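Undergrad: This is a predicted model, with the sequence first.
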Amino acid sequence: MSNLLTRRKVILAKVESTYGVDAVPVAATNAILCEAPSWSSAGLSMIPRPGARPSRGMLKQIFGGRLLQATFGVEVKGSGAAGTPPEIGVLLRGCGLDETIVASTSVTYAPVSVGDDSLTLYVYEDGKRIILTGCRGNCQFQLDASNKLMANFTFTGHESAQTDVALPAPTYSAVEPEPFIAAGFTIDSFAAVISSISCDLANNIAMPKDVNSADGYGEIQIVDRDINGSIDPLDELVANEDFLGNFKSGAAMAMTTGPVGATAGNIVTFSWPAVSYRDASPADREGVAGLALPFGAAESTTDDEISIAFT
């Protein structure tokens with residue numbers, strides 16, 4: 001008998017050429033350095049059998065199929081070479097973001113409404129492997145001052161049988177994440193004093209049933225999104241920045257982190273062209289008056305609610 005250690009896990013991810021067909025990621029090029037990986041059932045169907053019998057006991061339920069959901073956190077950092085996709089890029093593509101590469105200059109991710117990529121994930125657990133195909137999912141970004149930028153992913157996919165497979169020897173990016181400092185954050189062209197930004201792509205994941213599928217489910221789809229989040233600025237005189245006035249008027253404002261990092265190949269910039277506040281309430285920031293400002297990110301043109309540029 002051998003016990004499996006929770007820390008000994010490896011995640012591989014690769015974009016599929018055909019939906020639901022194993023893209024066969026490999027440890028040398030498709031490993032993702034992640035935190036707290038876990039998995040659980042999604043859409044589990046356990047069929048009850050409430051037959052009328054002399055006994056008051058219940059008959060055994062029947063397994064009727066399920067999908068699998070994988071969750072983990074990933075550092076948001078560059079590849080180390082401007083114009084080369086970062087390690088996290090494949091995961092962003094699986095969350096309804098398109099990848100635009102400018103050679104030797106930048107890689108930028110922004111939403112799309114058609115042609116979503118799907119991923120194959122290999123989840124290794126200290127001697128076992130689970131294969132998920134046709135994965136699509138959601139991402140929540142947490143950007144905290146004096147900390148690394150983080151992205152928390154939830155992917156739903158079709159599950160293959162678990163098999164006993166030794167842990168591979170993954171090759172991870174050697175690039176280190178930059179702290180969220182000296183970035184030049186602005187909203188409404190004002191350098192508000194914030195301690196954090198949270199942002200959720202809020203993808204709505206549909207899991208339509210399919211009687212022809214071995215697990216009872218058809219193609220996993222992103223059917224809509226509502227990109228939203230919150231900031232926590234210190235309050236200001238109205239003459240400096242009218243936060244409450246902007247909330248009440250529904251003003252659409254550009255917001256950006258500014259460039260996080262200063263080394264080419266490891267500079268990350270988040271931009272939202274048209275955010276508007278969805279609420280406003282007072283907050284206490286260590287005895288200094290602050291505000292809690294949830295926001296929604298709207299389109300400025302089409303499919304541009306958020307942009308994540310690696311330069």
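TA: Yep, that arrived.
Undergrad: just the strands in the stretch 1-150 of the chain please.
TA: 9-15, 31-32, 34-42, 46-47, 62-63, 67-75, 97-102, 106-111, 119-125, 128-144, 150-159 (DSSP state E, counting those that start in this stretch).
Undergrad: which residues of the stretch 101-250 of the chain fall in helices?
TA: Remark: helices assigned in the stretch 101-250 of the chain by DSSP state H, counting those that start in this stretch are 243-249.
Undergrad: nearest spatial neighbour of Ser41, skipping sequence neighbours?
TA: In space, Ser41 comes closest to Arg66 once its chain neighbours are excluded; the distance is 4.9 Å by C-beta to C-beta, 6 or more residues apart in numbering. No exception for glycine: its C-beta is placed from N, CA and C like everyone else's.
Undergrad: neighbours of Gly261, just the number please.
TA: Residues lying near Gly261 (other C-beta atoms under 10 Å) number 24.
Undergrad: wait, doesn't it sit right on Ile267?
TA: Yes - using C-beta atoms under 8 Å, Gly261 is in contact with Ile267, at 4.4 Å.
Undergrad: Tell me which of the strands of the stretch 1-150 of the chain lies nearest to Ser300.
TA: When the strands of the stretch 1-150 of the chain are ranked by proximity to Ser300, the top entry is strand 106-111, at 11.1 Å, counting by C-beta to C-beta.
Undergrad: List the contacts of that closest one.
TA: 79, 82-86, 89, 92-93, 96-102, 201, 225, 227, 303-311 (C-beta atoms under 8 Å, 6 or more residues apart in numbering).
Undergrad: Now the nearest residue to Phe243 once chain neighbours are set aside: which helix or strand?
TA: Sequence neighbours aside, Leu291 is the residue nearest to Phe243 in space, at 5.7 Å (criterion: C-beta to C-beta, 6+ apart). Assigned by DSSP states H and E, Leu291 belongs to strand 288-297.
Undergrad: Equivalent analysis for Gly265, please.
TA: Per DSSP H and E, there is no helix or strand for Gly265.
Undergrad: For stretch 277-286, the averaged confidence score.
TA: Averaged over stretch 277-286, pLDDT sits at 97.
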